[in-house]
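Undergrad: Take a look and give me a structure for this.
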Amino acid sequence: MSSERTTLVYVTYIASTAEKVFAAITRPEISRQYWGHENVSDWQVGSDWAHVRDNDEHTVNLVGKVVEIAPPHRLVVSWANNSQKDDPQAYSKVSFEIEDYDDMVRLTVTHDDLVAGSGMHMGVSKGWPIVLSSMKSYLETGRALDIFAKPKAA
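TA: Reported below is the predicted structural model:
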(Lines give C-alpha, C1' and ligand atoms only; values in the text may rest on other atoms or scores of the structure.)
Protein backbone atom coordinates (compact mmCIF):
# COMPACT_ATOMS: atom_id res chain seq x y z
CA MET A 1 0.00 0.00 0.00
CA SER A 2 1.14 3.54 -0.75
CA SER A 3 2.39 5.77 2.03
CA GLU A 4 1.25 8.81 0.05
CA ARG A 5 -1.15 10.96 2.07
CA THR A 6 -4.26 12.68 0.76
CA THR A 7 -6.99 15.09 1.88
CA LEU A 8 -10.75 15.07 1.37
CA VAL A 9 -12.85 18.24 1.73
CA TYR A 10 -16.65 18.41 1.95
CA VAL A 11 -18.69 21.61 2.12
CA THR A 12 -22.35 21.53 3.17
CA TYR A 13 -24.76 24.42 3.62
CA ILE A 14 -27.29 23.87 6.38
CA ALA A 15 -30.32 25.99 7.30
CA SER A 16 -29.44 26.01 10.98
CA THR A 17 -27.24 27.79 13.49
CA ALA A 18 -23.58 27.23 14.27
CA GLU A 19 -24.57 26.18 17.80
CA LYS A 20 -26.96 23.48 16.53
CA VAL A 21 -24.47 22.13 14.00
CA PHE A 22 -21.69 22.02 16.61
CA ALA A 23 -24.04 20.23 19.02
CA ALA A 24 -24.96 17.74 16.28
CA ILE A 25 -21.29 16.78 16.01
CA THR A 26 -20.40 16.74 19.71
CA ARG A 27 -23.52 15.61 21.56
CA PRO A 28 -24.03 11.81 21.52
CA GLU A 29 -27.81 12.03 21.81
CA ILE A 30 -27.89 14.08 18.60
CA SER A 31 -25.17 12.35 16.55
CA ARG A 32 -26.84 8.98 17.04
CA GLN A 33 -29.99 10.37 15.37
CA TYR A 34 -28.39 11.02 11.98
CA TRP A 35 -25.09 9.03 12.14
CA GLY A 36 -26.05 5.84 13.93
CA HIS A 37 -23.05 6.48 16.19
CA GLU A 38 -22.42 8.55 19.28
CA ASN A 39 -19.42 10.88 19.36
CA VAL A 40 -18.32 10.55 22.98
CA SER A 41 -15.81 12.82 24.75
CA ASP A 42 -15.58 15.54 27.36
CA TRP A 43 -14.45 17.72 24.42
CA GLN A 44 -11.34 19.17 26.05
CA VAL A 45 -8.05 19.54 24.15
CA GLY A 46 -6.04 16.34 24.64
CA SER A 47 -9.05 14.26 25.70
CA ASP A 48 -9.97 10.97 24.07
CA TRP A 49 -12.99 10.75 21.83
CA ALA A 50 -14.72 7.64 20.56
CA HIS A 51 -17.20 6.98 17.77
CA VAL A 52 -19.53 4.40 19.35
CA ARG A 53 -22.13 2.49 17.34
CA ASP A 54 -25.67 3.06 18.59
CA ASN A 55 -26.53 -0.63 18.89
CA ASP A 56 -26.81 -3.21 21.66
CA GLU A 57 -23.06 -3.89 21.64
CA HIS A 58 -22.05 -0.18 21.61
CA THR A 59 -19.11 -1.12 19.39
CA VAL A 60 -16.29 1.44 19.34
CA ASN A 61 -15.48 1.98 15.66
CA LEU A 62 -13.21 5.00 15.70
CA VAL A 63 -10.97 6.64 18.27
CA GLY A 64 -8.78 9.68 18.57
CA LYS A 65 -7.94 12.79 20.54
CA VAL A 66 -9.42 16.25 20.62
CA VAL A 67 -6.73 18.38 18.97
CA GLU A 68 -8.49 21.74 18.95
CA ILE A 69 -11.89 23.03 19.99
CA ALA A 70 -13.48 26.48 19.71
CA PRO A 71 -17.27 26.11 20.08
CA PRO A 72 -19.36 26.61 18.05
CA HIS A 73 -17.08 27.23 15.06
CA ARG A 74 -14.18 24.75 15.07
CA LEU A 75 -13.37 21.22 16.15
CA VAL A 76 -10.31 19.19 15.17
CA VAL A 77 -9.87 15.53 16.15
CA SER A 78 -7.39 12.81 15.32
CA TRP A 79 -9.08 9.78 13.76
CA ALA A 80 -8.27 6.06 13.48
CA ASN A 81 -10.00 2.70 13.42
CA ASN A 82 -10.22 1.31 16.94
CA SER A 83 -8.39 -1.81 15.69
CA GLN A 84 -5.42 0.40 14.71
CA LYS A 85 -5.38 2.67 17.76
CA ASP A 86 -1.83 1.64 18.73
CA ASP A 87 -0.37 2.49 15.29
CA PRO A 88 0.56 6.19 15.09
CA GLN A 89 0.73 5.93 11.27
CA ALA A 90 -2.95 4.93 11.13
CA TYR A 91 -4.20 8.29 12.40
CA SER A 92 -5.63 10.98 10.20
CA LYS A 93 -7.15 14.32 11.21
CA VAL A 94 -10.67 15.70 10.79
CA SER A 95 -11.43 19.41 11.03
CA PHE A 96 -14.97 20.75 11.30
CA GLU A 97 -15.28 24.45 10.40
CA ILE A 98 -18.70 25.99 11.00
CA GLU A 99 -19.21 29.47 9.56
CA ASP A 100 -22.25 31.71 9.73
CA TYR A 101 -23.43 32.26 6.17
CA ASP A 102 -26.37 34.64 5.84
CA ASP A 103 -29.33 32.77 7.43
CA MET A 104 -27.56 29.40 7.40
CA VAL A 105 -24.15 27.91 8.11
CA ARG A 106 -21.42 26.54 5.91
CA LEU A 107 -19.93 23.37 7.36
CA THR A 108 -16.55 22.43 5.92
CA VAL A 109 -15.22 19.01 6.88
CA THR A 110 -11.57 18.47 5.98
CA HIS A 111 -10.19 14.96 6.44
CA ASP A 112 -6.38 15.29 6.25
CA ASP A 113 -3.47 12.91 6.34
CA LEU A 114 -5.30 9.87 4.97
CA VAL A 115 -3.15 7.10 3.53
CA ALA A 116 -4.10 7.22 -0.16
CA GLY A 117 -5.93 4.08 -1.25
CA SER A 118 -6.24 2.69 2.29
CA GLY A 119 -9.39 1.16 3.67
CA MET A 120 -9.93 4.28 5.76
CA HIS A 121 -9.55 6.53 2.70
CA MET A 122 -12.03 4.48 0.71
CA GLY A 123 -14.47 4.20 3.62
CA VAL A 124 -14.58 7.88 4.55
CA SER A 125 -14.78 8.97 0.90
CA LYS A 126 -18.08 7.08 0.73
CA GLY A 127 -19.15 7.79 4.30
CA TRP A 128 -18.77 11.55 4.66
CA PRO A 129 -21.21 12.49 1.86
CA ILE A 130 -24.10 10.45 3.30
CA VAL A 131 -23.34 11.37 6.93
CA LEU A 132 -23.26 15.09 6.10
CA SER A 133 -26.43 14.78 4.00
CA SER A 134 -28.11 12.98 6.88
CA MET A 135 -27.01 15.67 9.35
CA LYS A 136 -28.38 18.37 7.04
CA SER A 137 -31.69 16.54 6.66
CA TYR A 138 -31.97 15.94 10.38
CA LEU A 139 -31.22 19.53 11.35
CA GLU A 140 -33.50 21.00 8.69
CA THR A 141 -36.45 18.58 8.84
CA GLY A 142 -36.05 16.48 11.98
CA ARG A 143 -35.72 13.36 9.79
CA ALA A 144 -32.34 11.71 9.16
CA LEU A 145 -31.38 9.55 6.19
CA ASP A 146 -30.60 5.84 6.39
CA ILE A 147 -26.82 6.08 6.33
CA PHE A 148 -26.54 2.31 6.08
CA ALA A 149 -28.57 2.19 2.84
CA LYS A 150 -26.97 0.41 -0.11
CA PRO A 151 -27.36 1.12 -3.83
CA LYS A 152 -30.16 -0.80 -5.51
CA ALA A 153 -29.08 -3.56 -7.88
CA ALA A 154 -29.67 -2.78 -11.55
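Undergrad: Could you point out the longest helix of the protein?
TA: helix 119-141 (DSSP state H).
Undergrad: Tell me the gap between it and the middle of its chain.
TA: Helix 119-141 has its average C-alpha position 8 Å from the chain's average C-alpha position, going by CA atoms, centre = their mean, to the nearest Å.
Undergrad: what comes up buried for it?
TA: Under the neighbour-count criterion of 16 or more other CB atoms under 10 Å, helix 119-141 has 120-121, 124, 128, 130-136, 138-139 buried. Where you see a C-beta, it was placed from the backbone N, CA and C, and this is true even at glycine.
Undergrad: The helix or strand hosting Val109 packs against which elements?
TA: Here Val109 sits within strand 104-115, counting by DSSP states H and E. Strand 104-115 sits against strand 5-14, helix 18-26, strand 92-101, helix 119-141, with contacts defined as 3 or more CB pairs under 8 Å, 6 or more residues apart in numbering; DSSP states H and E.
Undergrad: Which strand residues bridge Thr108?
TA: Val11, Glu97 (DSSP bridges).
Undergrad: which residues touch the longest helix of the chain?
TA: If you take CB atoms under 8 Å, 6 or more residues apart in numbering as the criterion, helix 119-141 is touched by 6, 8, 10, 12-16, 20-21, 24, 33-35, 80-81, 90, 92, 107, 109, 111, 114-115, 143-145, 147, 149.
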